[in-house]
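S.K.: Take this sequence and fold it.
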Amino acid sequence: MSKPTGETTPLEPPPSYDDANSQRPAQVPPNASAPVASPRGPPPNRPPFPLQLPALTSLRGKRVILASGSPRRRQLLAQVGLVNLDIVPSSFAENLPKSLSPFEYVLQTATEKILAVYRQEIDNTEKGEPALLIAADTIVVSHAGKILEKPRNEVDHIQMLTMLRDEGMHKVYTAIAVMTPLESAKDPGYALETHVEETMVKFDANVTDDLILAYVKTRDGADKAGGYGIQTAGAILIDRIEGSYDNVVGLPLGQALKLIEKVMMPEDLEEELAPDEDEGLF
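M.R.: Residues are numbered from 1 along each chain as shown. As a prediction, this is how the structure comes out:
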């Protein structure tokens, strides 16, 4: 279900290696009282005002789907004012052949994710047609060119981080797909824009095996491509990055905003700006 405007996105614990749905939130005893803020304490921090951009203001009060269960992507989108997101994780199996180039692999995965959710939700009579859909996929590519996604188990996790440390620089790719249904009958019935962002990441060569093991035990990177989170304790493994920080978190926010603005362009204006097909003909 969509979340109330202004609600902060909670941090969620990583899932287990075996079953992402096996963990349940801790239950509060029925006789426990809710914490009460001190009346003498500092006032709560007020979130910044949302960006006053035409593409974003046109979406207010409308259904915006994020085809991902990632809390990190929700937090990033909240920074530009997209807080009323309907979270509909894609059912796409993400089983494309690893023989594809990393660029094609991540781009096709993000595209298949958004198409799967579009087909599922376009005729949703209960919630209504979405005004916008956003999907993303992030992979880590080792220096040797191996595509790394989420670790399968603790042993795989340790081996993954050890390889990234020993090989030097590696790359993080995030593909973004943004879509809006069209009111016209123009085939295929939607506007779709995509982008792939690349960031170089170098682990600290002095990270010890003991530190890698200690980090793995925290389970911080269990639900993340490459097995680490740059925005959390995984930062202790990293020496430097070259490129977008948000991309390593899971969504290059600036590029996502550009795609949103592009697909939300009115159809009539888009047609006016399109090149004349007869241009250059004799």
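S.K.: Do you have the helices of the stretch 51-200 of the chain handy? List them.
M.R.: Secondary structure of the stretch 51-200 of the chain (DSSP state H, counting those that start in this stretch): helices at 54-57, 71-78, 102-121, 154-167.
S.K.: Next, the residues that contact stretch 241-251 from outside, please.
M.R.: Contact with stretch 241-251 is made by 70, 72-73, 76-77, 136, 138, 172, 174, 176, 197-202, 224, 229-231, 252-255, as judged by Cβ atoms under 8 Å, 6 or more residues apart in numbering. Bear in mind the C-beta positions are built from the backbone N, C-alpha and C, glycine included.
S.K.: one more time with 6 Å, if that's ok
M.R.: 70, 72-73, 76, 136, 138, 172, 174, 197, 199-201, 230-231, 252-253 (Cβ atoms under 6 Å, 6 or more residues apart in numbering).
S.K.: Check which helix or strand Asp246 maps to.
M.R.: helix 245-249 (DSSP states H and E).
S.K.: circling back: of the helices of the stretch 51-200 of the chain, which approaches Asn206 most closely?
M.R.: Asn206 lies closest, by Cβ to Cβ, to one member of the helices of the stretch 51-200 of the chain: helix 154-167, at 9.0 Å.
S.K.: and that closest one, how far out from the chain's middle?
M.R.: 23 Å (Cα atoms, centre = their mean, to the nearest Å).
S.K.: looking at the helices of the stretch 51-200 of the chain, which is closest to Leu213?
M.R.: Nearest of these (Cβ to Cβ): helix 154-167, 6.4 Å.
S.K.: May I have the closest one as CSV, with CA atoms only?
M.R.: Extracted as CSV, the C-alpha positions of helix 154-167 are listed here (Å, rounded to 0.1, in the frame of the first residue of the first chain):
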residue,chain,number,x,y,z
GLU,A,154,28.3,-16.9,4.2
VAL,A,155,31.1,-18.7,2.4
ASP,A,156,30.2,-17.1,-0.9
HIS,A,157,30.0,-13.8,0.8
ILE,A,158,33.5,-14.1,2.2
GLN,A,159,34.9,-15.2,-1.1
MET,A,160,33.2,-12.4,-2.9
LEU,A,161,34.6,-9.7,-0.7
THR,A,162,38.1,-11.2,-0.6
MET,A,163,38.2,-11.3,-4.4
LEU,A,164,37.1,-7.6,-4.6
ARG,A,165,39.8,-6.7,-2.2
ASP,A,166,42.6,-8.6,-3.9
GLU,A,167,41.7,-7.6,-7.5
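S.K.: partners of the host helix or strand of Ile241 in the sheet?
M.R.: Assessed by DSSP H and E, Ile241 sits inside strand 238-242. Looking at strand 238-242 with DSSP bridges, its partner strands are strand 190-203 (antiparallel).
S.K.: Put the alpha carbons of the partner strand into PDB.
M.R.: The C-alpha trace of strand 190-203 is given here as PDB (Å, rounded to 0.1, in the frame of the first residue of the first chain):
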ATOM      1  CA  TYR A 190       3.700   3.700 -22.800                       C
ATOM      2  CA  ALA A 191       6.800   5.900 -22.800                       C
ATOM      3  CA  LEU A 192       9.900   4.200 -21.500                       C
ATOM      4  CA  GLU A 193      13.300   5.700 -20.800                       C
ATOM      5  CA  THR A 194      16.400   3.900 -19.500                       C
ATOM      6  CA  HIS A 195      19.900   4.700 -18.400                       C
ATOM      7  CA  VAL A 196      22.900   2.700 -17.100                       C
ATOM      8  CA  GLU A 197      25.300   4.400 -14.700                       C
ATOM      9  CA  GLU A 198      28.800   3.100 -14.000                       C
ATOM     10  CA  THR A 199      31.000   3.800 -10.900                       C
ATOM     11  CA  MET A 200      34.500   2.600 -10.100                       C
ATOM     12  CA  VAL A 201      35.100   1.300  -6.600                       C
ATOM     13  CA  LYS A 202      38.400   0.400  -5.000                       C
ATOM     14  CA  PHE A 203      38.600  -1.700  -1.800                       C
END
